[in-house]
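> The sequence and its predicted three-dimensional model are supplied below.
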Number of protein chains: 2
Amino acid sequence: MFMVKVDVEENDGVLVPPANFSTVEDGIFRSGFPEPSNFGFLETLNLRSIIYLCPEAYPQENMDFVDAHNIKLFQFGIEGKTDSSSTSIPSYTVTQALKVLIDVRNHPVLIHCKRGKHRTGCLVGCFRKLQTWCLSSVFEEYKRFAGVKWRANDLRFIETFEVMCLRQCLYSIIYQYQGYGSNKRRLLYGEEGIQKPKIESI
Amino acid sequence: MFMVKVDVEENDGVLVPPANFSTVEDGIFRSGFPEPSNFGFLETLNLRSIIYLCPEAYPQENMDFVDAHNIKLFQFGIEGKTDSSSTSIPSYTVTQALKVLIDVRNHPVLIHCKRGKHRTGCLVGCFRKLQTWCLSSVFEEYKRFAGVKWRANDLRFIETFEVMCLRQCLYSIIYQYQGYGSNKRRLLYGEEGIQKPKIESI
């Protein structure tokens, strides 16, 4: 007889992705806060790093998980806004997170906040601008994950996020950027400067 | 000065993904019906094939696109139900589509129907069962793309989709299945049969 077996580790062979889990790009994932019941699933992603966007300390059991799997934890403490009229996300912090995100040495990477809607949605939205997606598609994707909880403030943040910030992210990459379709979009260094990237002061 | 250029092809450098576009897995994408304005974006995916789930003929401009890029078109004509109480999706057809979907020789592959909600959502849902995702996560993903248009019929279809059908898909793969995390889930052939896969008759 011919047999087929599928290797799975836990939950009676059933894998439980974190809430709002999805693949963003090859090597980039997004989700809500991972619970211990999701650890079996996360193991299958072979993560090299996690971008965590909340100011709260990482729970001990999650710390144990990242330690056990040698995962680098990058924490960027962005306040979760419950009031939609409150101050918006700090663009400097998002820029810093983007630098980590687009660095392929950190891939595979999981981005998460609490629900995987607002903070994660803003970071992914800025990443899509970097990929030159049209704004309506960026908003469509943001809303797909935020659902009825989408915030006009977040869309404004993504829309007004400065191209200059994005450029600063790009400047900080020393080697070639692994973009969409892998061999289509790459950083091309201008003839003027093969030397170490630096940001021009104005 | 240090220069960064990003290669883009059209729409004033802006790429327009099809409606409801997303990455399902490394090498598997989903979306609504691609319009000519999306062709520039689709080029960046370097598609090897498209799984088209509607019975309607492919429009000439889309045919020209797949021909020009040497993309294999697999059409599985599933009726789009506007009435939620109508008969459900034919599981045999979904099984056939799954066979194409999980065959890595067809990757990168784009799955699409009209809106990328119901027919595409059912196929992706069955694929997630094959990946041993828990049902609540499968439903969450289905609803994320269907939004308020989600159909109880579709969820029932996914839930009751027979493991036997899935197994038949697996049996049909001659070489190893490239699963989640690439080296975690693979087909392991039982000691009894290294020979050509066959389905036992009961």
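Looks like it came in fine.

> hey, let's count contacts and neighbours off CA atoms from now on
Fine.

> Can you give me the neighbour number for A:K149?
Residues lying near A:K149 (other Cα atoms under 10 Å in any protein chain shown) number 11.

> what's the distance between A:F145 and A:C122?
Distance from A:F145 to A:C122, counting by Cα to Cα, to the nearest Å: 11 Å.

> so where does the closest residue to A:F39 other than its chain neighbours fall, helix or strand?
Taking Cα to Cα, 6 or more residues apart in numbering or on different chains as the measure, A:F39 lies nearest to A:F65, with 7.5 Å between them; neighbours along the chain are not counted. In this structure, A:F65 sits in helix A:60-68 according to DSSP states H and E.

> residues making contact with that helix?
Residues outside helix A:60-68 that contact it (Cα atoms under 8 Å, 6 or more residues apart in numbering or on different chains): A:P34, A:E35, A:P36, A:F39, A:K72, A:L73.

> what pLDDT does the second one get?
Note for A:E35: predicted pLDDT of 97.

> what do you get for the last one?
Among the per-residue scores, A:L73 shows a pLDDT of 98.

> which residues touch it?
With contacts taken as Cα under 8 Å, 6+ apart, A:L73 has the following neighbours: A:S49, A:I50, A:I51, A:Y52, A:V66.

> Tell me the buried residues within the residues you listed.
The neighbour-count criterion (16 or more other Cα atoms under 10 Å in any protein chain shown) marks A:S49, A:I50, A:I51, A:Y52, A:V66 among the contacts of A:L73 as buried.

> For A:N153, which three-state class applies?
Remark: A:N153 carries the secondary structure label helix [criterion: DSSP: H, G, I helix; E, B strand; the rest coil].

> any idea how far it is from A:H118?
When distances are taken as Cα to Cα, A:N153 and A:H118 turn out to be 10 Å apart.

> try A:A19
In this structure, A:A19 and A:H118 are separated by 14 Å, where distance is defined by Cα to Cα.

> more neighbours, these two?
Counting neighbours by other Cα under 10 Å for A:A19 and for A:H118 shows that A:H118 has the greater number, 25 against 20.

> tell me the phi and psi of the residue most central in space within chain A?
Nearest to the mean C-alpha position of chain A, counting by Cα atoms, centre = their mean, stands A:I111 at 3.7 Å. Per-residue torsions, A:I111: phi -100, psi 130 (degrees, to the nearest 10).

> So it is in contact with A:T120, correct?
Yes. Using Cα atoms under 8 Å, A:I111 is in contact with A:T120, at 6.5 Å.

> so what sits against both of those two?
With contacts taken as Cα under 8 Å, 6+ apart, A:I111 and A:T120 have A:R30, A:S31, A:L53 as neighbours in common.

> for the strand or helix carrying the first one, packing partners?
In this case it means A:R30. A:R30 is located in strand A:28-31, with elements delineated by DSSP H and E. Using 3 or more Cα pairs under 8 Å, 6 or more residues apart in numbering or on different chains; DSSP states H and E as the contact criterion, the neighbours of strand A:28-31 among helices and strands are strand A:22-25, strand A:109-112.

> right, is the first one up against chain B?
Yes. Under the criterion of Cα under 8 Å from any Cα of the partner chain, strand A:22-25 makes contact with chain B via A:S22, A:T23, A:V24, A:E25.
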